[in-house]
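Novice: Sequence and predicted structure, then a few things I'm wondering about:
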Amino acid sequence: MVKTMIHLEFSKESTAGLRGRQSVRTTFRLSQRSIHALSILARQLGIKQKSLFDHLIDDTLALKTIAREFDDFDNSVQRVAKTYVVSRKTLENLEMVSVQYDTPRDALVEFSIERILPLIAREKVKHAKRKRVLREMQHYVDAGLVLLQKAENDLGVEDPVFLELYSMMKRIKNSCRNIDDCVVRGNSMDSF
């Protein structure tokens, strides 16, 4: 049996693309509100902050729009240094726009994060509805457990109707637990 060896070649473009995906650490001075917003949304969406950060800063058109409209970075707002992991490409993009438009990197990052605030507001509204659905679901589970107990008393644990009801309640309780996990994950939005 003859083994063939596959020969792979990488162009300069593909190796540059791979280098662009490398993660790097960088520090920005941001308001607590921006730091909190990024953290909340990443958690709510179930993605890493790096992915959300890269998505916001990779949008060159939006960065340039922010830089063109930039007036002043409000120095009355207290900012703290926060280190993030971002892709090398994202950082290069940020640096390029910052230099090209003579706009501070921190300002570009903070205003990019401000773009997600309407999304957080919409998610807060949905979160309140999820909490209401969870409460209703818990009442439903409680009523189902009462019915299950009644079926056990009336029919016995070997009866096919009881077993079907038991199986259904088990699935409903699992779904309720999953909904509860979703609500708990979103509770951090309540403080925003």
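Specialist: Cool, got the structure.
Novice: contacting residues for the closest residue to Gly186 other than its chain neighbours?
Specialist: Once flanking residues are discounted, Gly186 sits nearest to His127: 4.3 Å by C-beta to C-beta, 6 or more residues apart in numbering. Any C-beta I mention is one placed from the backbone N, CA and C, and that applies to glycine too. The neighbourhood of His127, defined by C-beta atoms under 8 Å, 6 or more residues apart in numbering, consists of Gln44, Val183, Gly186, Asn187, Met189, Asp190.
Novice: do the same with Val133
Specialist: Contacts of Val133 (C-beta under 8 Å, 6+ apart): Ile179.
Novice: Which helix or which strand is home to it?
Specialist: Element membership for Val133 (DSSP states H and E) is helix 117-155.
Novice: Tell me the helix or strand right after that helix.
Specialist: helix 160-186.
Novice: re the thing from before, which one (most neighbours) among the contacts of His127?
Specialist: With neighbours taken as other C-beta atoms under 10 Å, the top of these is Met189, carrying 21 neighbours.
Novice: wait, isn't that residue in contact with Leu119?
Specialist: No. The criterion here is C-beta atoms under 8 Å, and Met189 misses it with Leu119 at 10.8 Å.
Novice: ok, back up a step: would you format the contacts of His127 as CSV with pLDDT included?
Specialist: CSV is the format used below for the contacts of His127 (pLDDT from 0 to 100):
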residue, pLDDT
Gln44, 81
Val183, 92
Gly186, 86
Asn187, 87
Met189, 81
Asp190, 80
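Novice: Tell me how the chain divides into domains.
Specialist: 22-115, 121-191 (automatic domain parsing).
Novice: Give me whichever of these is most buried.
Specialist: domain 22-115 (a mean of 16; mean count of other C-beta atoms under 10 Å).
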